[in-house]
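Enquirer: Kindly generate the corresponding structure for this input.
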Amino acid sequence: MSEAGNSGTEKAAAYRVLARKYRPADFSELIGQEPMVRTLTNAFATGRIAQAWMLTGVRGVGKTTTARILARALNYKTATVDQPSVDLAVPGEHCQAIMEGRHVDVIEMDAASHTGIDDIRDIIERVRYAPVSARYKVYIIDEVHMLSTQAFNGLLKTLEEPPPHVKFIFATTEIRKVPITVLSRCQRFDLRRIDAGALVEHLSSIAAREGIVVDDDALAMIARAAEGSARDSLSILDQAIAHGSGAVSAEAVRAMLGLADRARIVDLFEYVMKGDVAAALAEFRNQYDTGADPAAVLTDLAEFNHLVTRLRFVPTALDDASLSEDERRRGADFAKTLSIRVLSRTWQMLLKGIPEVQSSNRPVSAAEMVLIRLAHAADLPTLDEALKSLESGASVPNGAPRSNGAPASSGPAYSGPASPSNGGGASAVAQTRMPTANGGAQTMRLVEPEPMPAAFVPAPAPAPVADAPPVPVKSLADIVALADAQRDMAFKVLVKRCVRLVRIEPGRIDVSLTDDAPKMLLNDLTAKLRAWTGRSWLVSLSKEEGGQTLAEMESTKRENALLDAKSDPTV
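Expert: Numbers count the residues shown, from 1 in each chain. Next comes the predicted model:
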């Protein structure tokens, strides 16, 4: 049953938007939520009806609608049926009032505007009373994640042991914000995004019932823009009907949403992959002049790049109902010729470029710069190609297909710096010719290396210098003396204050450190000893305590001298 099936009085009433007019009234009209419907059907059939349900999902997938249908099923009563039932083909006594949100025993509360403990306390007070006319008193709390912590805690006891005549149904778009103590007391259903094919079929059915002619491509665009939300798709369709004065064409939907023509997006992708900058910029300008948003063009380009990448691994992705015939055919062709490295590189550049366009005060110029970078990068060899070319010492043969799917250059390939006889010693500019859409060729400069000298003459090797004899280090005092000689006063102070010597031998020092020693002191000591002494040293941290630090020795020496002076009778 649907609200659209009412009599002609509805036509005379004020206009109702499609999302409300065609709101599902029973489980059979819910689209895309078959697992939940199957679970509830089995639960009602076996009498295993939960005391609380948690419905979660993105906006517009049917959470509140499902809650109302569930409340209707709990309180279903006709002349022949007086028990909870999911078979709601025949309207019951309470059905209409529940679906219109005006039944006295089905209380709907928006947690966004009733967030506090006082609101929950009011619910706790009222659950003790029996329902007025229905079988169950049902509390539907929408956006339940907006409740405060105190409100959640106040609800726990009632939620765990509610009276037998009370049921709770919660709905939320942000399930992560709901405490686990609440989730553990509820039966949870995750409402999925609605498949594009199901949305297209649903929209087509509604358009036929409204007597509206809608292009198939327009339905696919609306389903794609809705991102799995039935309410969003109906709102867009409503707007498109008004925009097209009763008829909905693909061009009208594209202009209304600020989208680019999908076929022209594929053309733009082809120009970019060929490295044809002029054609890519011209195509982008044409799309912009027809009303396409620059950021939307790049977003569509990224989506098509993602589609091509998916098709390399998941050929069944072509079955997506939201794809146009042009996207299917040409996307499959690109998937066969473009390498994953090229597609991944394009994806990364688009992900970085889209925020640039969105935040720029000159989005058209920013988008053109992104396209120029893409076209230039698409014509560059991949890392594998560059390494193979370097290893073999040969260029890519003329006319040979490159791994990124674009034809190789028909002109001379770049083969390194020019010889000194080319007149001036400057290297030749690497060029390649890429086929363009009109069948011609475009010369594109790939690499312009730095000018090389006419000839490379190696400098004479310097005469060997005899190594200086290593500096002997036999104590911490020697290390301090080296630091003093190198004018490294900070390191000298650290050695005196933080290092305790355990043992020392040629090339090796074992030390312990004070508690306030810097973490990198041992590394610094190793490096400085090597630089100062001319030999490698192994500096190890010992578990033994070691002797006193030089600073402690000096302090002890001063204290002893002071004691001797005090004990001297002549002083």
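Enquirer: quick one: secondary structure of the residue nearest to the spatial centre of the chain?
Expert: The chain has L351 as the residue nearest its centroid, 10.0 Å off, counting by Cα atoms, centre = their mean. Classification of L351 by DSSP: H, G, I helix; E, B strand; the rest coil places it in helix.
Enquirer: Likewise for S512?
Expert: strand.
Enquirer: quick one, domains of this structure?
Expert: Here the domain assignment for the chain is 3-190, 196-257, 262-378, 476-554, based on automatic domain parsing.
Enquirer: where in this protein is pLDDT low?
Expert: 1-13, 258-260, 379, 382-383, 385, 389, 391-471, 568-571 (pLDDT under 70).
Enquirer: Could you measure from D276 over to G197?
Expert: Separation of D276 from G197 (Cβ to Cβ, to the nearest Å) stands at 35 Å. The way it works is simple: take the backbone N, C-alpha and C, and place the C-beta from them, glycine included.
Enquirer: Over to L156?
Expert: Distance from L156 to G197, by Cβ to Cβ: 42 Å.
Enquirer: hmm, back to that, of the domains of the chain, give the one that comes closest to D564.
Expert: domain 476-554 (15.7 Å; Cβ to Cβ).
Enquirer: So which residues of the stretch 1-150 of the chain form strands?
Expert: In the stretch 1-150 of the chain, the segments counted as strands under DSSP state E, counting those that start in this stretch are 52-56, 106-110, 137-142.
Enquirer: Skipping its backbone neighbours, what lies nearest I354 in space?
Expert: Closest residue to I354 apart from its sequence neighbours, by Cβ to Cβ, 6 or more residues apart in numbering: L298 at 5.0 Å.
Enquirer: That neighbour and S567, how far apart?
Expert: Relative to S567, L298 is positioned 89 Å away (Cβ to Cβ).
Enquirer: Neighbour count for those two, which is higher?
Expert: Neighbour totals were compared for L298 and S567, and L298 leads with 28 against 8 (other Cβ atoms under 10 Å).
Enquirer: for the stretch 201-350 of the chain, what spans make up the strands?
Expert: Here the stretch 201-350 of the chain has its strands, by DSSP E, counting those that start in this stretch, at 213-214, 247-248.
Enquirer: and P355, how many neighbours?
Expert: With other Cβ under 10 Å as criterion, P355 counts 11.
Enquirer: That one: which element?
Expert: Using DSSP states H and E, P355 falls within helix 340-359.
Enquirer: Identify the residues contacting whatever helix or strand comes next after that helix?
Expert: Downstream of helix 340-359, the next assigned helix or strand under DSSP H and E is helix 363-378. For helix 363-378, contacts defined as Cβ atoms under 8 Å, 6 or more residues apart in numbering pick out 268, 271-277, 280-281, 284, 288, 293-295, 297-298, 342, 345-346, 349-350, 353-354, 356-357, 360, 404, 406, 444.
Enquirer: and helix 363-378, how far out from the chain's middle?
Expert: Relative to its chain's centre, helix 363-378 lies at 22 Å (Cα atoms, centre = their mean, to the nearest Å).
Enquirer: can you give me the angle that helix makes with helix 340-359?
Expert: Helix 363-378 and helix 340-359 are oriented at 170 degrees to each other (axes from the mean of the first three to the mean of the last three Cα atoms, to 10 degrees).
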